[in-house]
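1. Sequence and predicted structure below; questions after.
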Amino acid sequence: MKILKTSLILLTVFLLKSNPLWSQKLISDSLILDLKYTLPETLQIPIKIDTVLDLRNVDDPVFIAIDEINHYGVVPVDLFIKTKKPLNKIIQQTLFFKNTIKDQSLSLGTKHFEFSKHSKLLLFRKYQLKALIKLYHQTNSDSLLAIGELIFNTGTTKFFINAKLKKEYENVFCIWCQELTKNLNSVSQHLGNNQNPLPYNFRFSQLGLPWMQFFTGAEIILLQKGFLIDGYLTFVYPETKRLFNKSAGTLRFRRDKKFDSIEYGLVNSSLNYRLNSKIFLRFKYDLFLGINRWKDMNVKKHKVYDALIGDLSFSQSLIFHPIHKKTLFVGFGFFQDVYYIYSKNFQFQPGLIINAGLQL
Amino acid sequence: MKRCLLIAISILFISNILWAGTNSISGYVVDGKTGETIIGVNIVVNSTTRGAATDGNGYFVIPSLQPGNYILNFMHIAYEKKSLAVQLIEKSLVLDDVALTLKVIELQNVSIVAEKSEIADLSIETGHRVITSEAIRRIPVSRNDIFRAIKYLPGVEGVDPISPLYAVRGGDTGENLILLDGVPIYNPYHYVNSSGLFNIYAIKNVELMVGGFGVEYGGRNSSVLYITTREGNNQQLHGEISPSTTHTKGVIDFPIGKNATMMISGRWHYDLFSRFLFDAPSYFYDMNASLFWKLGSRHRLTFRYFHSYDKLDFKSETYFNYIGNTIDTDLFDNYDFKMKTKWRNQAVSTVIKSILSPNIYWQTRMFYTAFRANNLSLIDYEYTDDENRKTKLYMETDIHGKIRDVGLKSKMDIHFFKWNQLKIGGEWNSYRFENDVLLNGFSEGKILRKPNLLSGFLEDKIDLGFLSLRPGIRVSRFSTQKKWNQEIRANAAYQLTSKIKLKAAWGKYLQYIVSINTQEYELSQFLDNYYPLEHQLPSTSIQSILGIEADLNKDIQLSLDLYHKNIKRTYSYDYNASQLEAESFLEKLREGKGESYGLELLVKGCWENTSGWISYGFSKSTRQFPHIMNGKSYRFDYDRPHTFKAIINHEINPNLEFSGAVRILSGVPKTLETSYSNYYYYDPVSNQIAEFPQVVTPVKNNIRLPYYFRLDLGVKKLLRNGFGADLAKYLGADRAFLNVSFGNVLFFVQRNVWFYINLEEKLYGLGTNYFPELSFGYSIQF
């Protein structure tokens, strides 16, 4: 009864507290960003930007994204992120250069431009701008010829107390402007002399390649006493740096001599380093929690705790995975695994890993 | 009395026909976005007091109008008002579909309480409960299931915690007529996780009439559950998919050309974790498909197909090995419990709806529905006491059943006067029943029966402003019996004040097909085993209902129903006698009688962003059979004297909703086995004397289980980030939601006892709700 009373008191407190929750202001909120950046002289490039087109699929040119914030720490509310001026005008003003070479000009098209925030290690927040800018060259017949596209994943990480959403997004925009200018500079130099390299985040226009790609795969891990099969599925943005993260929710099946288990990945993370346009190195760590099926459960008794398994694993693999493509990928490498079951305590097993997957 | 009523109805019918020449305006009202018909739209003729409302088909008739120019105003709470100028010359006018536009409201006031009915006239009927698919989705832990959801309605009680069967107002589980778009489905349940066959994604509306229903519906004593599926979207492709570790379900609906729509929905339940952990190879699936075709402005044709299959294979060893060792007991070592069942449902139907004349609306339904099941349930327990004496309990039931029902139903709604609505129709059913019951391996005899049932009904609603009356008569004849039986029913409603209405209903209800109650023989009965009353008189009840309905304010309604059900004739299957006396299958049915009465108080509605209902019910139900306690009256198996139920849904904003559901119920009566006797008989097949134990109890239902208490909570959240939101974006879907339900929140306070095991004069209460239930899943809408 004591618990019941406590529950009733808590419910009353919640209802009293939730009175303001019914007010209209909790339906949605807006964040108007004042995006502006003045390029320092050192960053300016001698190239003319003819036009900046807004190619996004939005009705309102000042609309950026719908984010979500928590009011009172618990109530999620839509946050409409908008800019003071239309996005294409802001970008055009930012990229206005006094010294331009008349025979070199580009037009830009903003295909994607999205601000987002993520929690990191509980106390940190990561503020990101993911963007895709198409580059066009004006032909003699006044039509635009697509050259390629620049992909951005720009961000800052801040301790949560110091972070202010509006300020951080505006700050990220400034960093992005610097990156964009540097990239345009590289493209300009490449256009002048094609011996100059293109930036890493430049890709030639890819027909039919979606902004977010479906990424799925399976891994077979051969162990001393059995094997593991991992399956994962997620959606990934294009690669923008040589060193990149890629994580996907993973489900694991384990076959051991005495039991099978199904495990769910609580933490699945990988750090990847691209060696060339076709191959990258992957360092992966995962933390799983799962359930066991004992093969002898009809003849031998097991405790309920034995139905649970905790599992930590690491792997180092070489992956054949062409960049910026809809592709099949394959890889192999080494694997280390530590699992815990109540009646078996900690067990360590090394193994070999083979993986294959699909990015669409 | 009966003759007077018949004469009165005949006069009204004839007078309606004679007045067939009056002019009228009629037509369908549809949603401009989806093309689905809208019920409950009020149509008012400008500058007059004349008007009408759309019925369950979205059809309206404004009869008895003089030629002239009129402006019609179409009004509905969820739609923009629409005005339409029409010219009525000399003939009656059937309008093209009138399309209404949904209101754009920034904060949608989402009410889970339905106000409109597709099949009943709420202005006069009492005991009518409408539950929207939206409400079912918002009941936590209902798993979007109709049969879980309706148990939160007053007067509807579950029989045990894992069975999907339900009993209404003291009736038996087999006394509920369950119709899917008008087609009877005989066991519309999936296996023991208490879920129904019908995929909520395909459902438009669920209506339950717990008593006092009209003569249009016959063949059952207790209730009518009418499930309406969606017709499909006539403008664009629309769908929803929901994958999870236990099941995947979805729906897709789309236009085919200008005049047709199609809807396909399906569900596949596999429960990966149970399958893996306990080696339980059980699964089920179901699918619905419908094709809706508009043939001009007057005719509509619908084809529907429904199919479901269940395979349940449950063995107790795995569970008991885990539990027994964990709590360090050998109590379960010699306990074996198996359920091995498979069953299939199929239904095909065609419905034609026609406006024969503006005042006559005609519907004809042809259908084929089939059900077959093989249902094995086994309990095998051996116990050795301290003095090395062995007690053995072995009970095996193996029930095979096949039902085929081919039917034709036709009815006409006739509106000639503004104060009168006439309904006339007929129904023909051709049945085929195959039953075979094996108890402890011995057949109780097979039967094959092929009866026909012919029925007709006539009903007239007379609206006198403050007073409405609806007398009706249904006549029916079972092919194996010569006599035509009559069921006279009447409803009345009296508008006491603008906010208070009194209602009354009285009627006779007959049932020709009864279900065999196997509650005491199976660990959990989750299928009704139907059997035709070929040579017995039909099961009969006389129901009297008094009700009051009050509008407490604009959005909150209160209703109070008092009911009495005189069960003049009912049947029970006598297993014990059949085993001992080896009677024929037919003679195992025992005729008895009973009574049930009670009251139900219901408050429903919405307040700001909170909606739901709270109910209290009091009921008593008894039965008398000559073979039980020498004909003395006893408490009926599903008798629950007090019930309190509540569903509350609070929408904080469009991104977040909370919901809660609570049920506090009196426990059901149970027969406590106090001793066993061994019976011996000669088995000519094996040429041996066989023995089996038989439960002996001095009093039927001699104890009552402790009260049932359950609280479930749920949260529904719109996803803006993460995997669910990415999946929606990738698929080009409109929205993604995360649904989390936390069931059995008070598991540490109340464990609901399901049954008792009596060992060494000590009762061991086994039950459910030992653990909380946490489930979550995505829902993607596009």
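-> Arrived safely, thanks for sending.

2. Show me which residues of the stretch 51-200 of chain A are close to chain B?
-> A:66-68, A:75-78, A:116, A:118 (C-beta under 8 Å from any C-beta of the partner chain). For every residue, glycine as well, the C-beta is placed using N, CA and C.

3. tell me the domain ranges of chain A?
-> A:20-207, A:213-359 (automatic domain parsing).

4. surely B:Leu510 meets B:Trp484?
-> No - with contact defined as C-beta atoms under 8 Å, B:Leu510 does not reach B:Trp484; the gap is 11.2 Å.

5. ok, those two, which is more surrounded?
-> B:Leu510 (22 against 12; other C-beta atoms under 10 Å in any protein chain shown).

6. For that one, pull up the helix or strand it's in.
-> In the assignment (DSSP states H and E), B:Leu510 maps to strand B:500-511.

7. Quick check: what element follows that strand along the chain?
-> If you walk from strand B:500-511 toward the C-terminus, the next helix or strand you reach (DSSP H and E) is strand B:513-516.

8. I'd say B:Ser468 and B:Ala492 touch.
-> Yes - here B:Ser468 lies in contact with B:Ala492, judged by C-beta under 8 Å, at a distance of 6.8 Å.

9. Show me which of those two is the more surrounded one.
-> B:Ser468 (20 against 17).

10. tell me the SS of that one?
-> Per DSSP: H, G, I helix; E, B strand; the rest coil, the secondary structure class of B:Ser468 is strand.

11. if I look at it, how far off is chain A?
-> 39 Å (C-beta to the nearest C-beta, to the nearest Å).

12. okay if I get the domains of chain A as CSV plus mean neighbour count and mean pLDDT?
-> Putting those into CSV (neighbours: other C-beta atoms under 10 Å in any protein chain shown; pLDDT from 0 to 100) gives the following:
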stretch, mean neighbour count, mean pLDDT
domain A:20-207, 16, 79
domain A:213-359, 17, 88
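
13. Looking at these, which is nearest to B:Ser265?
-> Minimum separation from B:Ser265 across the domains of chain A (C-beta to C-beta) falls at domain A:213-359, 24.3 Å.

14. The closest one vs chain B: in contact?
-> Yes - judged by C-beta under 8 Å from any C-beta, domain A:213-359 comes into contact with chain B through A:214, A:234-235, A:249, A:260, A:262, A:291-293, A:297-298, A:300-305, A:307.

15. measure that domain end to end?
-> Terminal residues of domain A:213-359 are spaced 6 Å apart (C-alpha to C-alpha, to the nearest Å).

16. Just say helix, strand or coil for the closest residue to A:Ala356 other than its chain neighbours.
-> With C-beta to C-beta, 6 or more residues apart in numbering or on different chains as the criterion, A:Ala356 has its nearest non-adjacent residue at 4.8 Å, and that residue is A:Val330. The three-state assignment at A:Val330 reads strand, by three-state DSSP.

17. quick one, longest strand in chain B?
-> Ordering each strand of chain B by length in residues (DSSP state E) puts strand B:390-417 first.

18. From the contact counts, what lies against it?
-> When contacts are defined as 3 or more C-beta pairs under 8 Å, 6 or more residues apart in numbering or on different chains; DSSP states H and E, strand B:390-417 packs onto helix B:2-18, strand B:59-65, strand B:183-184, strand B:360-384, strand B:420-439, strand B:529-532, strand B:688-696.

19. after the first one comes which helix or strand?
-> Of the helices and strands lying after helix B:2-18 in sequence (DSSP H and E), the nearest is strand B:23-31.

20. What mean pLDDT does that following strand get?
-> Along strand B:23-31, the predicted confidence averages to a pLDDT of 81.

21. next one: stretch B:34-41
-> Taken as a whole, stretch B:34-41 has a mean pLDDT of 76.

22. Pull the residues that contact that stretch.
-> Contacts of stretch B:34-41 from elsewhere in the structure, counted by C-beta atoms under 8 Å, 6 or more residues apart in numbering or on different chains, are B:28-31, B:53-60, B:74-76, B:79, B:99-100, B:115-118, B:204, B:230-235, B:238, B:255, B:261.

23. start to end distance for that stretch?
-> One end of stretch B:34-41 to the other measures 16 Å (C-alpha to C-alpha).

24. And stretch B:740-752, by the same measure?
-> 23 Å.

25. Can that stretch be said to contact chain A?
-> Yes - with C-beta under 8 Å from any C-beta as the measure, stretch B:740-752 is seen reaching chain A through B:746, B:748-749.

26. which parts of that stretch are buried?
-> For stretch B:740-752, burial by neighbour count (16 or more other C-beta atoms under 10 Å in any protein chain shown) applies to B:741-747, B:750-752.

27. One more: stretch B:536-543?
-> Result for stretch B:536-543 [16+ other C-beta under 10 Å]: buried residues B:536-541, B:543.

28. Return the set of buried residues in the longest strand of chain B.
-> Under 16+ other C-beta under 10 Å, the buried positions of strand B:390-417 are B:395-407, B:409-411, B:413-417.

29. Show the average pLDDT along that strand.
-> Per-residue pLDDT values across strand B:390-417 average out to 84.

30. so how far is it off the chain centroid?
-> Remark: strand B:390-417 is offset 13 Å from the chain centroid, using C-alpha atoms, centre = their mean, to the nearest Å.

31. What of stretch B:154-163?
-> Shown here is stretch B:154-163, whose average C-alpha point lies 12 Å from the average C-alpha point of the whole chain (C-alpha atoms, centre = their mean).

32. Please apply the same query to stretch B:276-293.
-> Taking the mean of its C-alpha atoms, stretch B:276-293 sits 19 Å from the chain's own mean (C-alpha atoms, centre = their mean).

33. mean confidence score for it?
-> Computed over stretch B:276-293, the mean pLDDT rounds to 83.

34. just stretch B:99-112 next, same as before
-> 57.

35. Helices of chain B, start to end?
-> Defined through DSSP state H, the helices belonging to chain B, from first to last, are B:2-18, B:133-138, B:146-149, B:272-277, B:317-326, B:575-581, B:722-731.

36. close to chain A, is the fourth one?
-> Going back to what we said before, that points to helix B:272-277. Yes - contact check for helix B:272-277 against chain A, using C-beta under 8 Å from any C-beta: residues in range are B:272-273, B:276-277.

37. Report the buried members of those residues.
-> Neighbour counting over these (16+ other C-beta under 10 Å) leaves B:276-277 as the buried ones.

38. Which residues does A:Val77 form beta bridges with?
-> Assessed by DSSP bridges, A:Val77 has beta-bridge partners A:Ile69.

39. from memory A:Gln104 sits against A:His137, does it?
-> No - under the criterion of C-beta under 8 Å, A:Gln104 lies out of contact with A:His137, with a separation of 9.3 Å.

40. so what sits against both of the two?
-> Joint contacts of A:Gln104 and A:His137 (C-beta under 8 Å, 6+ apart) do not exist.

41. Would you mind listing what in the stretch 501-650 of chain B touches chain A?
-> With C-beta under 8 Å from any C-beta as the criterion, the stretch 501-650 of chain B comes near chain A at residues B:608-609.

42. Low-confidence ranges, the stretch 501-650 of chain B, go.
-> B:519-523, B:575-587 (pLDDT under 70).

43. residue of it with the smallest distance to chain A?
-> B:Glu608 (5.8 Å; C-beta to the nearest C-beta).

44. right, and B:Gln346 touches B:His307 too?
-> Yes - with contact taken as C-beta under 8 Å, B:Gln346 and B:His307 are classed as touching, separated by 5.3 Å.
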